[in-house]
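Participant: From the sequence below, what's the structure:
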Amino acid sequence: MIKTTRASAVIVSEDFAPFPLALLRTPNPYFAFAKALELFYRAPQPEPGIHPTAIVHPTAKLGAHVRVGAYTIVAAECEIGDHVTIYPHCMIYPNVRIGAHTIIHSHVTIRENTIIGAHVIIHNGARIGTDGFGYARDPEGRWYKIPQAGRVIIHDWVEIGANTTIDRAAIGETLIASHVKIDNLVQIGHGSKVGENSLLCAQVGLAGSTEIGRNVMLAGQVGVAGHLRIGDNVIATAQTGIPSSVEANRVVSGYPAIENTLWRRASVLFARLPEMYRLLREMRQRLERLEQRSE
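Facilitator: Numbers count the residues shown, from 1 in each chain. Below is the predicted model:
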């Protein structure tokens with residue numbers, strides 16, 4: 001690709017082979033690329049101040065240089081930190097706390113008693129603090145709603161993708177630690193905990209009371225059953241189903257989740273299973289014929 005580029009310079013790793021083009025060598029090219037983009041791109045900013053159509057309850061406390069977009073509602077007893085941006089059509093329920101420099105994009109709902117740290121980014125349509133999925137059978141066998149009396153706590157430098165949902169706990173807290181990055185369309189069940197610097201890709205689902213360690217990577221469409229512990233530094237490849245706890249520092253794949261190296265060897269055989277079964281059946285038929293002749 002570098003042979004056909006029209007760029008004047010290319011960011012490459014330190015061991016990249018010499019090439020007749022300006023090469024910007026760095027031990028971490030992708031990170032350098034991200035920093036370079038910041039020099040050329042600035043996200044659009046909404047109008048400063050409180051839009052005339054926004055509704056801010058008199059008991060809400062707003063810090064300095066807060067932006068609140070059109071038709072957004074900030075309910076009673078909320079605390080909004082300095083330099084927070086809330087885009088149009090957001091709903092901030094009562095007693096929510098939002099830290100400084102946080103950005104909340106349009107059509108986000110943040111339910112009551114949620115605590116959000118500083119420098120958090122929440123993308124369009126996310127729902128934070130919705131009711132956890134909890135029901136008990138009544139004496140007639142019908143489902144009876146368990147009150148979801150807990151809350152969601154999101155620490156600093158977290159990013160939450162579009163249309164992701166994070167449910168509040170029945171009792172206690174659903175916790176997202178600092179520097180966690182969550183993709184679009186992720187479901188985090190009530191009472192779950194996600195450890196620092198973990199990465200949850202699109203369509204990941206965590207059932208209730210799941211505990212995710214530090215530096216965990218869950219690729220797209222990974223599903224984790226409830227009341228499990230996923231250890232630090234675990235990697236689960238795409239579409240892995242995890243029905244039991246996983247020890248730290250493992251790479252798992254498939255359903256039920258097994259070591260990635262074993263899964264890769266097994267997956268090669270899947271397409272050959274019909275042929276292997278046919279050969280096995282033919283061998284069995286031959287053995288039966290031989291046994292009949294010997295009799």
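
Participant: switch to C-alpha atoms for all contacts and neighbour counts from now on
Facilitator: Will do.

Participant: for Ala257, what are its contacts?
Facilitator: Counting by Cα atoms under 8 Å, 6 or more residues apart in numbering, Ala257 makes contact with Thr240, Gly241, Ile242, Pro243.

Participant: and the third one, how many neighbours?
Facilitator: By other Cα atoms under 10 Å, the residues close to Ile242 number 23.

Participant: Quick check, it in contact with Glu259.
Facilitator: No: look at Ile242 against Glu259 with Cα atoms under 8 Å: they stay out of range, at 11.6 Å.

Participant: count of neighbours near Val10?
Facilitator: Using other Cα under 10 Å, the number of residues around Val10 comes to 16.

Participant: Mind checking what secondary structure it has?
Facilitator: Three-state call for Val10 (DSSP: H, G, I helix; E, B strand; the rest coil): strand.

Participant: Next, the contact list for it, please.
Facilitator: Val10 sits next to Leu21, Ala22, Leu23, Leu24 when contact means Cα under 8 Å, 6+ apart.

Participant: what's the answer for Ser192, then?
Facilitator: Neighbours of Ser192 in contact, by Cα under 8 Å, 6+ apart: Ala169, Glu173, Thr174, Leu175, Leu206, Ala207, Gly208, Ser209, Thr210, Glu211, Ile212.

Participant: how close does it get to Asp183?
Facilitator: Separation of Ser192 from Asp183 (Cα to Cα, to the nearest Å) stands at 17 Å.

Participant: try Ala118
Facilitator: For Ala118 relative to Asp183 (Cα to Cα), the value is 19 Å.

Participant: any chance of the contacts of Ser192 in JSON lines, with distance to Ile11, secondary structure and pLDDT too?
Facilitator: Below are those laid out as JSON lines (distance: Cα to Cα, whole Å; DSSP: H, G, I helix; E, B strand; the rest coil; pLDDT from 0 to 100):
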{"residue": "Ala169", "distance to Ile11": "45", "secondary structure": "coil", "pLDDT": "95"}
{"residue": "Glu173", "distance to Ile11": "43", "secondary structure": "strand", "pLDDT": "97"}
{"residue": "Thr174", "distance to Ile11": "40", "secondary structure": "strand", "pLDDT": "98"}
{"residue": "Leu175", "distance to Ile11": "38", "secondary structure": "strand", "pLDDT": "98"}
{"residue": "Leu206", "distance to Ile11": "37", "secondary structure": "strand", "pLDDT": "98"}
{"residue": "Ala207", "distance to Ile11": "41", "secondary structure": "coil", "pLDDT": "97"}
{"residue": "Gly208", "distance to Ile11": "43", "secondary structure": "coil", "pLDDT": "95"}
{"residue": "Ser209", "distance to Ile11": "43", "secondary structure": "coil", "pLDDT": "96"}
{"residue": "Thr210", "distance to Ile11": "40", "secondary structure": "coil", "pLDDT": "97"}
{"residue": "Glu211", "distance to Ile11": "38", "secondary structure": "strand", "pLDDT": "98"}
{"residue": "Ile212", "distance to Ile11": "34", "secondary structure": "strand", "pLDDT": "98"}
